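Engineer: My questions are about this predicted structure, shown below with the sequence.
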Amino acid sequence: MVFFTLTHGRPSPTASRDVPMSGDAAFCPACHAPLLPDDVFCTSCGARIAELLAGQPDSPAEDSVATGVTKPLRAATLGAAVCTVCGSPLLADDSFCSACGTAVSETGERAIGGPPGPLGSAPQQDTVRTLTPNLEDTHGRRRVPIPALIVLVVFVTVLVAACVAYIFAFRGSDDEARSAAAETSTATATTSPTSVGTPTPTPASSAATAADITGYCSAEASTRLADDQGLTYGAANLLDGKKVTCWAEGVKNSYGEGEWVKFTFSEPVVLTAMKVIPGYDKRAGGWDRWGSNGRLRRVRLTFADGSSKDHTFADRKGLQTIPLSEKRTEWVKMTIVSVYHAHHTTPDDHYAKDTSASEVRFTGWLQSDESD
């Protein structure tokens with residue numbers, strides 16, 4: 001005679017499914033394994049019974065309920081096993097928990113409860129059964145184990161913290177490097193010695209102090225065209241701020257190559273640029289005086305320290321700039337090297353070989369304005 005007890009409507013875990021039970025028997029629609037009345041999951045394939053039956057019409061007797069056939073039970077075992085996930089009792093041949101669907105795996109043997117054997121014999125052994133959690137929820141979706149989720153969250157948090165720390169450390173070191181470079185550059189600019197070891201004072205920034213200093217200079221020329229009909233052609237016309245007046249060299253039958261104009265300042269200056277209108281920028285009586293007179297093409301600038309600089313102008317009207325890069329001087333001499341020749345601008349005009357320039361301006365600052 002086989003004894004078993006019911007636990008939550010199921011036979012005692014010491015029973016198996018090979019022993020006949022009274023009543024109707026049911027089978028798993030997926031694998032056709034026998035089912036007990038309260039099985040939620042098939043203990044053979046782990047399928048959820050309700051989901052399998054929900055999408056099927058009434059099945060034949062062999063797939064669902066076999067009327068009049070008793071459900072078989074296997075031979076009873078001595079030991080007892082329960083699901084380590086939900087605590088429901090397991091029969092000896094269960095591959096899945098019938099309550100939660102967790103898979104059962106064989107991991108070894110140990111002596112567990114059961115009736116003792118003959119006197120002096122070792123306790124009977126039973127297979128210890130461990131459970132592998134079912135990673136699918138009731139809708140068949142994969143579930144992430146909580147410990148793995150915790151490890152993932154911790155890892156991401158540490159990674160983000162490390163990235164933030166690296167960014168702040170890199171930014172700080174970069175700021176320090178820039179600061180050190182700026183301090184080194186400042187120290188070099190203010191203490192760099194000359195070739196004889198004498199420190200050179202650093203002038204104020206040209207961008208902050210450069211201005212028009214034309215008013216501090218006067219002009220003289222090697223030659224000039226004679227006044228005619230109330231018009232004058234002296235060197236002073238270059239500094240009057242009027243483009244309709246001009247200086248014109250006075251060498252007859254020549255464009256005046258080698259002639260010069262000298263600009264002298266009332267005190268030493270630092271020049272950043274010289275601006276010139278290199279022709280007679282005037283139109284009167286229907287004549288364009290620009291084309292009917294010679295225009296400066298190439299000039300040579302000479303400075304008080306003996307240095308010089310050549311510059312070539314474009315043949316166009318308006319001020320043209322000669323950069324001077326903070327040239328320290330007391331005067332500037334502009335000598336004609338070559339010219340653009342005069343030509344007829346209209347059929348009835350006349351032209352002359354008189355090379356002219358309308359205006360000269362100087363940009364910079366007085367050396368006396370520099371800070372000590």
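Structural biologist: The structure has been received and is ready for your questions.
Engineer: Name the nearest residue to residue 219, ignoring sequence neighbours.
Structural biologist: Nearest-residue entry for residue 219: residue 235, 4.0 Å, with adjacent residues in sequence omitted and distances by Cβ to Cβ, 6 or more residues apart in numbering. (Each C-beta comes from the backbone N, C-alpha and C, glycine too.)
Engineer: Residue 361 now?
Structural biologist: For residue 361, the closest residue by Cβ to Cβ, 6+ apart turns out to be residue 275, at 4.3 Å.
Engineer: any idea of the mean pLDDT for the helix or strand that contains that neighbour?
Structural biologist: In the assignment (DSSP states H and E), residue 275 maps to strand 260-277. Mean pLDDT, strand 260-277: 96.
Engineer: Paired strands for that strand, with orientation please.
Structural biologist: Sheet pairing of strand 260-277 (DSSP bridges) gives strand 217-221 (antiparallel), strand 320-340 (antiparallel), strand 359-366 (antiparallel).
Engineer: Contacts for the helix or strand following the second one, please.
Structural biologist: On the C-terminal side of strand 320-340, the nearest following helix or strand under DSSP H and E is strand 355-357. The list of residues contacting strand 355-357 from outside it, by Cβ atoms under 8 Å, 6 or more residues apart in numbering, reads 233, 238, 246-249, 255-256, 259, 261, 276-280, 289, 293-296, 336, 339.
Engineer: Which SSE is immediately downstream of the lowest-mean-pLDDT helix or strand in the chain?
Structural biologist: Of all the helices and strands that make up the chain, strand 65-66 has the lowest average by mean pLDDT, DSSP states H and E, namely a mean of 36. Following strand 65-66 in sequence order, the next helix or strand is strand 81-82 (DSSP H and E).
Engineer: Please name every helix or strand in contact with the helix or strand that comes right after that next one.
Structural biologist: Using DSSP H and E, the next helix or strand after strand 81-82 towards the C-terminus is strand 89-90. Other helices and strands packing on strand 89-90, by 3 or more Cβ pairs under 8 Å, 6 or more residues apart in numbering; DSSP states H and E, are strand 81-82.
Engineer: Output the contacting helices and strands for the strand it packs on.
Structural biologist: Other helices and strands packing on strand 81-82, by 3+ Cβ pairs under 8 Å, 6+ apart, are strand 89-90, strand 125-132.
Engineer: mean pLDDT for these: which is lowest?
Structural biologist: Looking at the helices and strands packed on strand 81-82, the bottom one is strand 125-132 with a mean of 44.
Engineer: contacting residues around stretch 300-316?
Structural biologist: Outside of stretch 300-316, the residues within contact range by Cβ under 8 Å, 6+ apart are 274, 276, 278-279, 295-299, 320, 322, 324, 327-335, 337, 340.
Engineer: Could I have the CA atoms of it written out in PDB?
Structural biologist: Presented in PDB, the C-alpha positions along stretch 300-316 are these (Å, rounded to 0.1, in the frame of the first residue of the first chain):
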ATOM      1  CA  ARG A 300      61.300 103.800 -51.300                       C
ATOM      2  CA  LEU A 301      60.800 104.900 -47.700                       C
ATOM      3  CA  THR A 302      63.900 105.800 -45.700                       C
ATOM      4  CA  PHE A 303      63.900 106.300 -41.900                       C
ATOM      5  CA  ALA A 304      66.000 108.200 -39.400                       C
ATOM      6  CA  ASP A 305      68.000 105.100 -38.400                       C
ATOM      7  CA  GLY A 306      69.100 104.500 -42.100                       C
ATOM      8  CA  SER A 307      66.800 101.600 -42.800                       C
ATOM      9  CA  SER A 308      64.500 101.600 -45.800                       C
ATOM     10  CA  LYS A 309      61.400  99.900 -47.200                       C
ATOM     11  CA  ASP A 310      60.100  99.600 -50.800                       C
ATOM     12  CA  HIS A 311      56.400  99.500 -51.600                       C
ATOM     13  CA  THR A 312      54.400  99.200 -54.900                       C
ATOM     14  CA  PHE A 313      51.000 100.900 -55.200                       C
ATOM     15  CA  ALA A 314      48.100  99.700 -57.300                       C
ATOM     16  CA  ASP A 315      46.900 102.100 -60.000                       C
ATOM     17  CA  ARG A 316      43.700 103.000 -58.300                       C
END
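Engineer: Okay, helices next: where are they in the chain?
Structural biologist: 49-54, 146-191, 206-209 (DSSP state H).
Engineer: Confidence-wise, which of those is weakest overall?
Structural biologist: helix 206-209 (a mean of 54).
Engineer: Would you mind confirming that residue 339 makes contact with residue 259?
Structural biologist: No. Counting by Cβ atoms under 8 Å, residue 339 stays clear of residue 259, with 10.2 Å between them.
Engineer: between the two, which one's more packed in?
Structural biologist: Ranked by neighbour count (other Cβ atoms under 10 Å), residue 339 and residue 259 place residue 339 first, with 25 against 20.
Engineer: which ones are touching that one?
Structural biologist: Counting by Cβ under 8 Å, 6+ apart, residue 339 has contacts 255, 256, 257, 294, 295, 296, 297, 355.
Engineer: Can you check those and name whichever has the most neighbours?
Structural biologist: residue 355 (30 neighbours).
Engineer: so what's that one closest to, chain neighbours aside?
Structural biologist: Residue 355's closest residue in space is residue 294 (Cβ to Cβ, 6+ apart), at 3.5 Å.
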